[in-house]
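Student: I would like the atomic coordinates for the input below:
(one chain, ligands or ions: 1)
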Amino acid sequence: MDQDRRTPGRGPAPAVLPFDRFRDHLFHDPSLGLWLDVSRIRFGSDFFTTMEPRIQAALAEMAALEGGSIANPDEGRRVGHYWLRAPELAPEAALRAAIEETNARILSFAADVHAARVRPERSARFSRVLVVGIGGSALGPQFVASALGTPADRMQIHFFDNTDPDGIDRTLDAIGDDLGATLAVIISKSGGTKETRNGMLELEAAYRRLGLSLGAHAVAVTGDGSELDRYATKHGFLARFPMWDWVGGRTSELSAVGLLPAALQGLSIVEMLQGARETDEATRSKEVPRNPAALLALAWYSATGGVGRKDMVLLPYKDRLELFSRYLQQLVMESLGKRLDRQGKEVFQGIAVYGNKGSTDQHAYVQQLRDGLDNFFVTFIEVLRDRAPSRGVLEVDPGVTTGDYLDGFLQGTRKALTESGRESITITIDTVDARAVGMLIALYERAVGLYASLVGINAYHQPGVEAGKKAAQEVLDLQAKVLAALGASAGRALSLAEVAKAAGTDDVETVFWVLRHLAANPERGVAREVPQGGSPFDATYRLAR
Ligand SMILES: O=P(O)(O)OC[C@H]1O[C@H](O)[C@H](O)[C@@H](O)[C@@H]1O
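Tutor: Just a heads-up that it's a prediction; the model follows:
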């Protein structure tokens, strides 16, 4: 039997879709400036009726979550990112006051920095921002900076989003002589993430080389009392902004995590919050055809069978939205990628997300989308406004502009995919501005939450990410023993097996990896010698200093 026919309300692949289907399913909200077309997902005519009780249950769960229920029971936490843009909805007056006070403080701090009332140790004013963070503490600010940033911004922004020393050096080189005029924004909800801590220590060393202190150039965004919070207090950071336990990292862009960097850049955080707030209002609707987040969640359900059978390929035809798919990778995959459902049954859920931008990606992998494995659905994002009107019109062919080409390529690819039976969704927005960015973030936050309810999983925890961190710590602990073993050998070269034995481990493979890495970095002082004609496993190692 055709796999698609096993999914409730699943329709056949029509060769040519009638205009009526497009017209009947097209969502449009003129005040939001949002269109959503799900007509090229192959749901059958009874799909929405069949799913109605389940989507109503999902909407009811979402209403309870917004009302302050413990929506993340595993961590015993409430889920409050919707309150960030509607503080009056916060279940307690103290929470509302905390949100309002923080947003006001972000604006006044940014104004003080811009007016040089808050100044660096030696330079006249701060001219650059360096965000140090990872995951939810970097992806949102990176997406927003790339969507809205211009060379005319109040401050240019840079990122340390990894513990890659070469990446850190490259960013410091880009900042160059301006490091003394750079404001570091260290972001970590938990305050204990090693990549972020390492980036901060590298930065501290870089300031020190200039005779400057990190504290006089840094602010922290973190949970109250965290390791980072204590460090910031001890080292006299310029300011500290809160990160609350009821805001998840992947839904934190509209908290201080995203608002502070954006405000420092000079972007309109008020408009971003407004776009999200209005989208939240629209996506609370119980009328599914009027609710774009419910339509999206149901379209995903139809396309993936509710079991992640298909990947989500994001194709915004707009350079400014190129990082949206990277941002959504965390939001969607960390929220939906779960082994267990809420009853504890093994389900191995998830939807894989990838994509960059059109038409660029048409010249990379669209060949496979059109002709190869049918294991995906595309989400096109169309932006109606081509460019700032002040830039004028250039015809590259008679009556045709570069923007017409971009739109033509989007429509052409959408059509070509339909012809080969591939499914797609299209989101259309007017323009990429702060309001639209807030809208897109809020739209996907809610769609992910509703989809998680439809498939019965907790979208707000991430039990799987700890395993890799723990295993990494074990490698570093073993490395210390390896170095101690080499140090104790009094300059005598040791074989791999001898090092492992002296380090007290049977895990020879990890010892091999550790030694290979150390020996490749001469400044670490581990010399490696491979005998003539021998294999890498015959190498011996000793401390070279
Ligand atoms: O903000 P932090 O506490 O430093 O966390 C950064 C990231 O770390 C973990 O890997 C989590 O899975 C992410 O959800 C989080 O965004």
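
Student: Could I get the contacting residues of the residue positioned nearest the centre of the chain?
Tutor: Residue closest to the average C-alpha location in the chain (CA atoms, centre = their mean): Tyr327, at 3.0 Å. Taking CB atoms under 8 Å, 6 or more residues apart in numbering as the criterion, Tyr327 is in contact with 139-140, 142-143, 253. For every residue, glycine as well, the C-beta is placed using N, CA and C.

Student: Could you do Val332 as well?
Tutor: Contacts of Val332 (CB under 8 Å, 6+ apart): 312, 351, 353, 444, 448.

Student: Now the two most distant members of the contacts of Tyr327.
Tutor: Spatial extent of the contacts of Tyr327 (CB to CB) is set by the pair Gln142 and Glu253 at 10.1 Å.

Student: coming back round to it: please identify which of the contacts of Val332 is nearest to Val432.
Tutor: Of all the contacts of Val332, Val432 sits closest to Tyr444, with 15.3 Å by CB to CB.

Student: Is the closest one in a helix, a strand, or coil?
Tutor: Under DSSP: H, G, I helix; E, B strand; the rest coil, Tyr444 falls in the helix class.

Student: I'd like to know how many residues surround it.
Tutor: By other CB atoms under 10 Å, the residues close to Tyr444 number 22.

Student: Just confirm it contacts Gln330, I think it does.
Tutor: No - assessed by CB atoms under 8 Å, Tyr444 is found out of contact with Gln330, at 11.0 Å.

Student: pLDDT value on Val16, please?
Tutor: Per-residue pLDDT puts Val16 at 57.

Student: ditto for Asn72
Tutor: 89.

Student: just Gly11 next, same as before
Tutor: According to the prediction, Gly11 has pLDDT 65.

Student: and Val219, what helix or strand is that in?
Tutor: Per DSSP states H and E, Val219 falls inside strand 218-222.

Student: Wait, Arg128 touches Gly180, no?
Tutor: No - in this structure, Arg128 is not within contact of Gly180 by CB under 8 Å, at 10.1 Å.

Student: what residues does stretch 233-248 touch?
Tutor: Contacts of stretch 233-248 (CB under 8 Å, 6+ apart): 72, 77-81, 84, 95, 98, 102, 105-106, 109, 118, 136, 183, 187-189, 213-224, 229, 232, 252, 255-257, 260, 460.

Student: Quick one, which of those residues are buried?
Tutor: In terms of neighbour count (16 or more other CB atoms under 10 Å), the buried residues within these are 72, 77-81, 84, 95, 98, 102, 106, 109, 118, 136, 183, 187-189, 214-223, 229, 232, 252, 255-257, 260, 460.

Student: residue ranges with poor pLDDT in this structure?
Tutor: Applying pLDDT under 70 to the chain flags the ranges 1-9, 11-16, 545.

Student: Within range of the ligand, give me the residues from it.
Tutor: Residues of the chain found near the ligand (CB under 6 Å from any ligand atom) are 134-137, 188-190, 193, 196, 249-250, 334, 462, 465.

Student: top of those by neighbour count?
Tutor: Within the residues of the chain next to the ligand, neighbour counts (other CB under 10 Å) peak at Ser188, which reaches 31 neighbours.

Student: which residues of the stretch 301-450 of the chain fall in strands?
Tutor: Ranges of strands within the stretch 301-450 of the chain are 311-316, 353-354, 376-383, 423-429, based on DSSP state E, counting those that start in this stretch.

Student: Now that we have these, can you turn them into TSV and tack on mean neighbour count and distance to His114?
Tutor: Output for the strands of the stretch 301-450 of the chain, formatted as TSV (neighbours: other CB atoms under 10 Å; distance: least, CB to CB, whole Å):
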stretch	mean neighbour count	distance to His114
strand 311-316	24	31
strand 353-354	18	36
strand 376-383	23	29
strand 423-429	22	29
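
Student: Please tabulate those strands in JSON lines and include distance to Leu89 as additional columns.
Tutor: Listed next are those as JSON lines, based on distance: least, CB to CB, whole Å:
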{"stretch": "strand 311-316", "distance to Leu89": "29"}
{"stretch": "strand 353-354", "distance to Leu89": "29"}
{"stretch": "strand 376-383", "distance to Leu89": "28"}
{"stretch": "strand 423-429", "distance to Leu89": "25"}
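
Student: nearest to Glu202, of the ones you listed?
Tutor: Nearest of the strands of the stretch 301-450 of the chain (CB to CB): strand 353-354, 30.3 Å.

Student: Partner strands of that closest one, with direction?
Tutor: strand 311-316 (parallel) (DSSP bridges).
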